[in-house]
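Student: 3D model of this:
(4 chains)
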2 protein chains.
Amino acid sequence: MSRSPQQPPQRSFVGKYADDLGQLISQQIKPVYKAMGIQVPVKSCSLVHVLGYLHQASLVDLAKCLNQSHQLIKQKIPRLLELKIITHSKDPHDKRRTLYQLTDLGRQQAGILKQNPMEQIYQQLSEEVGADIQSVLMAAIEQLQQKDLYTRYNEHNEY
Amino acid sequence: MSRSPQQPPQRSFVGKYADDLGQLISQQIKPVYKAMGIQVPVKSCSLVHVLGYLHQASLVDLAKCLNQSHQLIKQKIPRLLELKIITHSKDPHDKRRTLYQLTDLGRQQAGILKQNPMEQIYQQLSEEVGADIQSVLMAAIEQLQQKDLYTRYNEHNEY
DNA sequence: TATGCAATATATTGCGCAATAGATTGCATA
DNA sequence: TATGCAATCTATTGCGCAATATATTGCATA
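Tutor: Numbering: from 1, shown residues only, chains lettered A, B, ... in the order given. Below is the predicted model:
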């Protein structure tokens, strides 16, 4: 049946490739983290990492640091409580806020992450692709936050 | 409360930034696609695009072209059938296979995508970040498929 | 003090993807 | 023909995230 010779990649699917890379990494990184002794769920590692610096933080604090919605942070909390990586306590000065801290286990885990264990690996990968991957990604995010795709689209079409 | 001054980004979270970029784009692109007259769900556009070249394809054909699992492709099918963008028919020569084709609407939609409507926008964005974003992403994916993170990790630690 | 808005947190629903298991058909070959 | 394996498709469950709605507390100010 018309099996195709993998047609040429089109320049319209940057989003797809970004997703593909993110998912590829989150899969491949699981055994690596396991070998490193990291028990934190992969997608919660950045949360644990920032808590290592903040010591105490509310959902909104964490959301701002991680550039994510506070609702999303909230969804990760129950599992981290179960795993005894974080604890929570009420803010005595603001009854709306709940403060989260790392447990001893959490601090140990954050300590591993703080050593930047993937540094060399990503650096080598960056050399292979000819650009600093993380810098490119961060720059792209920043540029799109400053001027979104719809604005760019309109600018290209208003002449 | 210990509100932090946005601590320095660490080099260990390439996966997170790839995810962030992918999600940012898939959000920002919705109004753009709408303005272009694209009715296909954002995450199914690449599927419709390749069907425009294949004309007829099974789940496995599509999965290979898109570098995704056939199960995932399958999950997108019902919605595309509802929207009357694709149709399906049994392969007369192989009763295991179901063949999918574009409808008239689907071909019209694929026609829009074929014009590479985001080309200029992504090119400008690439200039702003100082590297061809799509090339970097594709190269990173390819390198990781050839040698995964766990292998790289072990190579860094066996000396 | 009472009113209204802001900040924070919680709950629910839906989408996209991964992972696994299971069913059917095709095909080679004993 | 009968057996077993491969290819294809289907179904189910769980995770992560978005989007929206709702509730509670804090705070400014009329």
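
Student: Name the SS class of the closest residue to residue A:85 other than its chain neighbours, please.
Tutor: Spatially, and ignoring its direct neighbours in sequence, residue A:85 is nearest to residue A:106 (4.2 Å; C-beta to C-beta, 6 or more residues apart in numbering or on different chains). No exception for glycine: its C-beta is placed from N, CA and C like everyone else's. With DSSP: H, G, I helix; E, B strand; the rest coil as the basis, residue A:106 sits in helix.

Student: these two touch, right, residue A:106 and residue A:81?
Tutor: No - if you go by C-beta atoms under 8 Å, residue A:106 and residue A:81 don't touch, sitting 10.5 Å apart.

Student: the more surrounded of the two?
Tutor: Neighbour count, other C-beta atoms under 10 Å in any protein chain shown: between residue A:106 and residue A:81, residue A:106 has more, with 22 against 14.

Student: pLDDT score for the more buried one?
Tutor: In this model, residue A:106 is scored at 96, pLDDT.

Student: Pull the contacting residues for the closest residue to residue A:59 other than its chain neighbours.
Tutor: Nearest non-adjacent residue to residue A:59, counting by C-beta to C-beta, 6+ apart: residue A:70, 4.4 Å away. Applying C-beta atoms under 8 Å, 6 or more residues apart in numbering or on different chains, we find residue A:70 in contact with A:59-60, A:62-63.

Student: top helix in chain A by residue count?
Tutor: When chain A is parsed with DSSP state H, its longest helix is helix A:14-36.

Student: Now do that one: distance to the chain's middle.
Tutor: 11 Å (C-alpha atoms, centre = their mean, to the nearest Å).

Student: touching DNA strand C at all, the helix or strand following that helix?
Tutor: Sequence order places helix A:45-54 as the next helix or strand after helix A:14-36, per DSSP states H and E. No - Helix A:45-54 lies out of reach of DNA strand C by C-beta under 7 Å from any atom of the strand, never closer than 12.6 Å.

Student: related to what we said a few turns ago, quick check on the contacts of residue A:70: which are buried?
Tutor: A:59, A:62-63 (16 or more other C-beta atoms under 10 Å in any protein chain shown).

Student: Near DNA strand C, list only the ones from these.
Tutor: Contacts with DNA strand C within those, counted by C-beta under 7 Å from any atom of the strand: residue A:59.

Student: what's near enough to touch the nearest residue to residue A:33 once chain neighbours are set aside?
Tutor: In space, and not counting its chain neighbours, residue A:33 is closest to residue A:42: 6.4 Å by C-beta to C-beta, 6+ apart. Going by C-beta under 8 Å, 6+ apart, residue A:42 touches A:26, A:29-30, A:33, B:15.

Student: Looking at neighbours, which among those is most surrounded?
Tutor: In terms of neighbours by other C-beta under 10 Å, the contacts of residue A:42 top out with residue B:15 at 26 neighbours.

Student: So that one versus residue A:20, what's the distance?
Tutor: Note on residue B:15: its distance to residue A:20, by C-beta to C-beta, to the nearest Å, is 12 Å.
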